[in-house]
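Enquirer: missing the sequence, but the structure's below:
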């Protein structure tokens, strides 16, 4: 069975501050992990994905995430928040990139000017 | 990257009517498509897995007679919400799987269904 827990349904950061969105997973098989961003009334946009290669994954818009097997975590970070980063972020796990995804409950990021 | 479209993007209907939502893979063939629904301020929940040429596999708790899924071709899957009610109002998102060596999937932009 697979599941994802996102700690913090709402995160607020100041513009220019570090963004840290937490994601912990549970998986009975080596996981594939994903971060998606969703803007209001829009679909999902892939930020980055971990597919068993490098543990530090760099994505679009300056985001990156590190896969830590010992901590079963895949936290999303960005060194300096921008106003345009305000959105809903979803972490997801899958047995493979082509199988069904299990999504976390999402974290709403607010960026304060 | 590969593109998945959904039509319509928004639909408002009266209670008791049926609504069809299309999911198309525009530049690749998708043997498998997934249908998710997302309630306001909540996460995406898988409703069903649709394989081309065969019956869809529904997740526990999803009424297959209410949410009819047809995957008649390698580029098109449809979700029909039959006899829609206000509680069916939601954001419906599909994803399409690209198999082979890449084996990944791409999400559609979603369809906002509002049942009055």
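Expert: Yep, that arrived. This structure is a prediction, so every number in the text was calculated from the model and none was measured.
Enquirer: what about the strands in chain B?
Expert: Per DSSP state E, chain B carries strands over the ranges B:4-7, B:10-13, B:19-25, B:32-38, B:44-51, B:57-58, B:67-73, B:76-81, B:90-98, B:104-107, B:111-115.
Enquirer: lowest confidence element among the helices and strands of chain B?
Expert: strand B:104-107 (a mean of 85; mean pLDDT, DSSP states H and E).
Enquirer: which strands and helices sit next to that strand?
Expert: Applying 3 or more C-beta pairs under 8 Å, 6 or more residues apart in numbering or on different chains; DSSP states H and E, one finds that strand B:104-107 contacts strand B:90-98. Backbone N, C-alpha and C define where each C-beta goes, glycine included.
Enquirer: So what's the model's average confidence on the strand it packs on?
Expert: Strand B:90-98 comes out with an average pLDDT of 92.
Enquirer: Strand B:44-51 and that one, what's the angle between them?
Expert: Strand B:90-98 runs at 50 degrees relative to strand B:44-51, counting by axes from the mean of the first three to the mean of the last three C-alpha atoms, to 10 degrees.
Enquirer: and for strand B:90-98, what are the contacting residues?
Expert: With contacts defined as C-beta atoms under 8 Å, 6 or more residues apart in numbering or on different chains, strand B:90-98 is touched by A:41, A:43-44, A:98, A:101, B:2, B:4, B:6, B:21, B:23, B:25, B:28, B:30-40, B:44, B:77, B:79, B:103-113.
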